[in-house]
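Novice: Curious how this folds, go ahead:
(one chain, ligands or ions: 2)
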Amino acid sequence: MPVIPRLVYLPVVIRFTKVSKRYPTGTGPAVEAMTFHVGRGEFVFLTGHSGAGKSTVLKLMYGEERPTEGDVRVSGFGVGHLGRDELPRLRRRLGIVFQDFRLLEDRTAAENVAFALEATGSRADVIPQRVARVLEQVGLANKSESFPRELSGGEQQRVAIARALVNDPPVLLADEPTGNLDERATRGVFALLTDINAAGTVVVMATHDLDLVRHAARRTLEMRDGRLVYDSSADAGVDP
Ligand SMILES: Nc1ncnc2c1ncn2[C@@H]1O[C@H](COP(=O)(O)OP(=O)(O)OP(=O)(O)O)[C@@H](O)[C@H]1O
Ligand SMILES: [Mg+2]
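Specialist: Ligands and ions are numbered 1, 2, ... in the order given. Have a look, this model is predicted:
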């Protein structure tokens, strides 16, 4: 039988085209003329010095900020000109994780995760099962009744990741998700994000942790003063 070459079709999930962002009160552009794209299945690190523009890039992706110039497309949405009911629809297709976890302190781990389902109008009868499944996935099945104050930083971040994942988003955006964690918890959270990516979710992770970036051998976008100065996928012979 002849061998038929398999065509690998990698649809673009995130596309920045000549994107600049100036904040009204900012001294200079936070993001300047950035062009890149992220395809289905990718894991991407976003690195750069403090103030380089990493969080701004993520905010542009989840529609918290609009570009001053250029075009931002995420999961088929044009973030620069989202209609009134499109922002919640975009957000439903994204999981977002922050450095400071942002859990509700007066709710258990399970209730924090359930909240994300309630907020998107899930049927009440399916919620407990989905919450249990995703807490199991992040390795916290035995902590579902714990409150955030009863959990370690790494465990709290796992709850936050479970909450971000519970709606099965095709894209997970993480802004310094390991910034408050020690080395061991950092490795655990990174391993979890890697598993999530292996299951098909695009992951974009902003980080200062160059040790992690060096060892992980994943695509890396480096920013300096708002500009994209390095994209490891542009290296010869390396597939994005
Ligand atoms: N809401 C805002 N208003 C005005 N300027 C802002 C605002 N948010 C960020 N900036 C400025 O934009 C630039 C980029 O900030 P951003 O938070 O994106 O950087 P960062 O790479 O995430 O930094 P860090 O590593 O410290 O988190 C900085 O110069 C910052 O002062
Ligand atoms: Mg930041």
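
Novice: residues in this structure within reach of ligand 2, list them.
Specialist: Counting by C-beta under 5 Å from the ion, the chain comes close to ligand 2 at K54, S55. For glycine as for every other residue, the C-beta is placed from the backbone atoms N, C-alpha and C.

Novice: okay, which residue is most central for this structure?
Specialist: With distances taken as C-alpha atoms, centre = their mean, L173 lies nearest the centre of the chain, 1.1 Å away.

Novice: dump the residue contacts of it.
Specialist: L173 sits next to L58, M61, Y62, L94, G95, I96, V97, V204 when contact means C-beta atoms under 8 Å, 6 or more residues apart in numbering.

Novice: Kindly reformat the residues you listed as JSON lines containing neighbour count and distance to ligand 1.
Specialist: Shown next, in JSON lines, are these (neighbours: other C-beta atoms under 10 Å; distance: C-beta to the nearest ligand atom, whole Å):
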{"residue": "L58", "neighbour count": "22", "distance to ligand 1": "8"}
{"residue": "M61", "neighbour count": "24", "distance to ligand 1": "12"}
{"residue": "Y62", "neighbour count": "19", "distance to ligand 1": "13"}
{"residue": "L94", "neighbour count": "22", "distance to ligand 1": "18"}
{"residue": "G95", "neighbour count": "26", "distance to ligand 1": "19"}
{"residue": "I96", "neighbour count": "20", "distance to ligand 1": "14"}
{"residue": "V97", "neighbour count": "22", "distance to ligand 1": "14"}
{"residue": "V204", "neighbour count": "25", "distance to ligand 1": "13"}
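
Novice: Which member of the residues you listed is positioned nearest ligand 2?
Specialist: Proximity of those to ligand 2 (C-beta to the ion) peaks at L58, which lies at 7.9 Å.

Novice: Which residue ranges of the chain form helices?
Specialist: Taking DSSP state H, the helices of the chain run over residues 54-61, 86-92, 109-119, 127-137, 153-165, 183-198, 210-216.

Novice: Serialize those to TSV and add fields for distance to V44.
Specialist: As requested, the helices of the chain are arranged in TSV below (distance: least, C-beta to C-beta, whole Å):
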stretch	distance to V44
helix 54-61	11
helix 86-92	19
helix 109-119	23
helix 127-137	22
helix 153-165	16
helix 183-198	10
helix 210-216	11
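
Novice: Please tabulate these in CSV, including the columns distance to G78 and mean pLDDT.
Specialist: Listed next are these as CSV, based on distance: least, C-beta to C-beta, whole Å; pLDDT from 0 to 100:
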stretch, distance to G78, mean pLDDT
helix 54-61, 12, 98
helix 86-92, 9, 92
helix 109-119, 24, 95
helix 127-137, 30, 96
helix 153-165, 23, 96
helix 183-198, 25, 94
helix 210-216, 30, 93
